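Visitor: Would you be able to build a 3D model of this:
(one chain, ligands or ions: 2)
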Amino acid sequence: MVSLVLVSHSRPLAEALVPLIREMATDEVAIAIAAGTGENRDAFGTDATDIMQAIASVDTGDGVLVLGDMGSALLSTDMALELLPDDLRSRTRLISAPFVEGALAAAIQASMGNAVDDVAREARQALAQKQQHVGDSDDAPDTEEGSAPDASPAVSEGAATGDSYDDAPEHTTEVELTNLHGLHARPAAQLVRTASQFSAVVTVKRLEDNRAPVSATSISSVSTLGARRGNRLQITARGPDAEEALQALSDLITHGFDDDTPATESGGATPQHEAPADRSTLPDDGAVAGLPVHAGTAVAPAARLHTALPDLPTTQNGSPEAEWAALQNALKLVQRDLRMQARRGARNVQGILEAQALLLEDDALLSAARTRITESDEPAPLAWARATEALAEEYASLGDAYMQARANDVRDVGRRVVLELLDDAADVVSLPDRPLILVADDLPPSVVPHLDPEQVRGVVCTGGNPTGHNAILLRGRGIPSVFGVGAALQHVDNNTLLGLDGGTGHVWVDPPPKRVEQLESKRRQADERTAVYLAEAHDPATTTDGTVVTVSANISHPSEAETAAERGAEGVGLLRTEFLFGDTPEPPSEEEQLEALKTVAAPFKKAPVTVRALDAGGDKPLPYLSFPDEANPFLGMRGIRVLLRHPELFRTQLRAVLRASASHNVRLMLPMVATLSEIRKTRSLLQSVRAALNHVGTLYAANIPVGIMVETPASAVAVAQLASHVDFFSIGTNDLVQYVMAADREHADLAALSDALHPPVLQLIRQVVEAAGDRPVSICGEAAADPEAIPVLVGLGIRNLSVNAEALPATKALIRALSLSDLTALAKRALVQDDAPEVRALAREALPAAFAPDEQ
Ligand code: PEP
Ligand code: MG
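Guide: Ligands and ions are numbered 1, 2, ... in the order given. Predicted coordinates:
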């Protein structure tokens, strides 16, 4: 497949083009960027070596097309071409096509598997649609046949064969466009891709205008049709598979295009995966299988996640023009955020977010809001809220589930823009004032701290993976939760009675009375056990044969610190500082960070509080840092890599941590370390921060311990070498497992692979313990709180666990019920099992009855 290289003076410009291209062409087309100059490529300019490397990086042997933005971009590309080996140069084309339109058209043609010169030709034609629309094509490049060597005919030849089939009989059909956006970018791209799968020559014409038919395999031609919902298309095909082509195209159109199906564009989207839970043990009373996220049972009426708006202003602040400008600005910001989240978010929400971003360009919606601002003098937030609500109601009134989902999309995106306009308005979660089980498609992590466990008795998500951050936060709140139940709960109404067992991952819609009774009695028993564990929570966790295991808390928000201390935490093993950085438009100040650290440390008196430096990137983007477009964010700019690239951000955090160390027992922990040089660089930055504090006479502890998370296989393997450079290690099994097993921790289909009990992971943990020498090793990933994992981990030599506040008393109680000699034998056997389910089966045998998970 032909690949693209985007050469621009401005890196942000080129980066912004990529998601736009991805809207229209499949992800299979490789795209590389060579843009900007300077160390971080943030100065304007182009660089021949970068261009050469970009070309080489996407070369598949099928050809590379280079699009440049202007002047020296082209000169640099000429130089780059000279530097290329002959064979690669011979299949690389620098083309004069317009940067944006050309790249879009080229990507679509490339995704259809066309040859490099065909792709180049289509790209060069890409201005045609704009010229035709604006009617100023006098200055346009001459596209008459003969004068431009690559001019494409209005109707292209048979896509696959090059035949024109002039003598073949003509087949015609007429279809009405029923999808929301008409032949908008993505549907147009789908039509072109479908047409190009056939060798027949296919043309399309919009019946409402009298222009000639255009080629159905040319995106720029199809886009010129300007076809909208309700328009009728006449499709004509000639050639051997003409009828099949017509059938495929009319199916595509009458089904509203794949892109408009709820699966990808719905606010209440169907997850892309079926629930992967083991259905063989499914109770036969209507249970739905999902993924256990946090144990506990609940029975309560459903409430769908809905976030409410604060009171909106009713009078305009400035002129209508200023209000309109503010709205446009907010739309742009929200659109940028949505696209950024879509790129970095869990796969099963990407389609939803991208579709929401598209809604922000919807002409009808924008002009309704504008009319309200200019003609009814409404301020921008009110105008936008009313315009989106009117559209949402229109969809909702159509009554079918698909349209209801569209209504949710519109409302959700409406709310985001209003919150952006109101600047500092908080995103308020509005839930009915009664006990409930919250039902969401994907629960934003930022919502979890707003949930009151007294009211929210359980959470069910149609998508999600138990190692995702929303799951981690739910455990911290102690809310029984099940993820990945799939479409079964997608249309459940508010108030429908639900039953949930977070331990087995089962959910019941309208559970039969017997099941209600069983779930409630199970909850009562669990409550009784919890009360016993809680009463002993401050006793040490000592095995029956005298080995002490330290159990500390994982904390993701200062509000959890007090509870963790009350529940027996012997310090904080992991303070995730992302809460400080996530939701604000600016990074937090040193003072804000210091205050938060003190709040967390206060309940722990002398016990150590391990502050993990900001772990941004991957699935945790930051609004104020621009992350490069990455095909694999988890393998990209994350953790320590981000910090070392943004020393000013890191320095501020280090100052806050050092200052907190003056009054509290604080330790610093680095996320995602892969090399010794990352530790060295951090230590030297820390030294310079100390010097700066000395300079102004600010107090801090002389030697705060500095440790690392062992999350990358590289750091796990290098522990013996790293041990002399750090004071402690903490194994982050959530990430370590994803990298060792090559299984995205957010991927609902790969939950079975995301298991720390797979023997290769256990081998690595044992090696870390052995290689660390006298450096303490703890585990702070979710495995540390898993009753089936704890016996194995302790058996492997782990003496420090860090778990969510909710799990503290039970974790300590379990350790007190185990004997180390049994666990050592168990760990030895675990290492040689085939896979995690086998290890789990062994571990279950070792568990005392009170801790054994029951199946139903
Ligand atoms: C881990 O990876 O195990 C970990 C504790 O870090 P996080 O879950 O915050 O990525
Ligand atoms: Mg991690």
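Visitor: what sits against Ala295?
Guide: Taking Cβ atoms under 8 Å, 6 or more residues apart in numbering, we find Ala295 in contact with Pro480, Gly502, Gly503, Ala526, Pro853. Glycine gets a C-beta too; all of them are placed from N, C-alpha and C.
Visitor: And the strands in the stretch 351-500 of the chain, which stretches?
Guide: 428-429, 436-440, 456-461, 481-483, 497-501 (DSSP state E, counting those that start in this stretch).
Visitor: Spell out which parts of the chain neighbour ligand 1.
Guide: By Cβ under 6 Å from any ligand atom, the residues of the chain that approach ligand 1 are Ile472, Leu574, Arg576, Asp615, Glu711, Gly732, Thr733, Asn734, Asp735, Cys780, Gly781.
Visitor: The stretch 251-400 of the chain: helices as residue ranges?
Guide: 262-265, 320-344, 347-359, 363-375, 380-397 (DSSP state H, counting those that start in this stretch).
Visitor: Verify the stated contact: Leu686 with Val706.
Guide: Yes: between Leu686 and Val706 there is a contact under Cβ atoms under 8 Å: 7.2 Å.
Visitor: who touches both of the two?
Guide: Leu668.
Visitor: which one in the protein is furthest away from the centre?
Guide: Asp167 (52.0 Å; Cα atoms, centre = their mean).
Visitor: sec struct for it, please.
Guide: coil (DSSP: H, G, I helix; E, B strand; the rest coil).
Visitor: swap in His664?
Guide: Applying three-state DSSP: His664 is coil.
Visitor: from what I can see it touches Thr599, true?
Guide: No: counting by Cβ under 8 Å, His664 stays clear of Thr599, with 10.5 Å between them.
Visitor: Looking only at neighbour counts, state which of the two leads.
Guide: Taking other Cβ atoms under 10 Å, His664 and Thr599 do not tie; His664 has more neighbours (22 against 14).
Visitor: And the pLDDT for the residue lying closest to that one once chain neighbours are set aside?
Guide: Computed as Cβ to Cβ, 6 or more residues apart in numbering, the closest residue to His664 that is not its neighbour in sequence is Ala601, at 3.7 Å. Looking at Ala601, its pLDDT stands at 97.
Visitor: picking that back up, which ones among the residues of the chain next to ligand 1 are found in helices?
Guide: In helices, defined here by DSSP state H, the members of the residues of the chain next to ligand 1 are Ile472, Thr733, Asn734, Asp735.
Visitor: now these as CSV including neighbour count and pLDDT?
Guide: Shown next, in CSV, are these (neighbours: other Cβ atoms under 10 Å; pLDDT from 0 to 100):
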residue, neighbour count, pLDDT
Ile472, 21, 79
Thr733, 27, 97
Asn734, 22, 94
Asp735, 23, 95
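Visitor: does the residue nearest to His664 count as helix, strand or coil?
Guide: helix.
Visitor: so it touches Val666, yeah?
Guide: Yes: in terms of Cβ under 8 Å, Ala601 counts as a neighbour of Val666; the distance is 6.6 Å.
Visitor: if I look at those two, which residues touch both of them?
Guide: With Cβ under 8 Å, 6+ apart as the test, Ala601 and Val666 both reach Val609, Ala660.
Visitor: higher neighbour count, these two?
Guide: Taking neighbours as other Cβ under 10 Å, Ala601 and Val666 compare with Val666 leading, 27 against 24.
Visitor: who's in contact with the residue of the stretch 401-550 of the chain found nearest ligand 1?
Guide: Of all residues in the stretch 401-550 of the chain, Ile472 sits closest to ligand 1, with a separation of 5.9 Å (Cβ to the nearest ligand atom). By Cβ under 8 Å, 6+ apart, Ile472 lies in contact with Asn554, Ser556, Asn734, Glu782, Asn804.
Visitor: Return the distance of the helix or strand containing Ser677 from the chain's centre.
Guide: Here Ser677 sits within helix 676-695, counting by DSSP states H and E. Taking Cα atoms, centre = their mean, to the nearest Å, one finds the center of helix 676-695 at 32 Å from the center of the full chain.
Visitor: What's the mean pLDDT across that helix?
Guide: Helix 676-695 comes out at a mean pLDDT of 96.
Visitor: So for it, what gets flagged as buried?
Guide: When burial is assessed from 16 or more other Cβ atoms under 10 Å, helix 676-695 yields the following buried residues: Leu676, Glu678, Ile679, Lys681, Thr682, Leu685, Leu686, Val689, Arg690, Leu693.
Visitor: ok, and which of those reach ligand 2?
Guide: By Cβ under 5 Å from the ion, no member of the buried residues of helix 676-695 lies near ligand 2.
Visitor: quick one on the thing from earlier: packing partners of the helix holding Ser677?
Guide: Secondary-structure packing of helix 676-695 (3 or more Cβ pairs under 8 Å, 6 or more residues apart in numbering; DSSP states H and E): helix 639-645, helix 647-661, strand 666-670, strand 706-710, helix 719-722.
Visitor: who touches Ala48 in this structure?
Guide: Ser76, Thr77, Met79, Ala80, Leu83.
Visitor: interface residues of the chain facing ligand 2?
Guide: Glu711, Gly732, Asp735.
Visitor: so where's the stretch 451-600 of the chain uncertain?
Guide: 469, 490, 582-585 (pLDDT under 70).
Visitor: Output stretch 702-716 as PDB, nothing but the C-alphas.
Guide: The C-alpha trace of stretch 702-716 is given here as PDB (Å, rounded to 0.1, in the frame of the first residue of the first chain):
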ATOM      1  CA  ALA A 702      18.500  15.700  53.200                       C
ATOM      2  CA  ASN A 703      18.100  12.400  51.500                       C
ATOM      3  CA  ILE A 704      14.700  11.400  50.400                       C
ATOM      4  CA  PRO A 705      14.600   7.900  49.100                       C
ATOM      5  CA  VAL A 706      14.300   7.700  45.300                       C
ATOM      6  CA  GLY A 707      12.900   4.500  43.800                       C
ATOM      7  CA  ILE A 708      11.400   3.300  40.600                       C
ATOM      8  CA  MET A 709       8.300   1.600  39.400                       C
ATOM      9  CA  VAL A 710       9.300  -1.700  37.700                       C
ATOM     10  CA  GLU A 711       6.800  -1.600  34.900                       C
ATOM     11  CA  THR A 712       8.900  -2.100  31.800                       C
ATOM     12  CA  PRO A 713      10.500  -5.500  31.000                       C
ATOM     13  CA  ALA A 714      13.700  -3.500  30.500                       C
ATOM     14  CA  SER A 715      13.800  -2.300  34.100                       C
ATOM     15  CA  ALA A 716      12.700  -5.700  35.500                       C
END
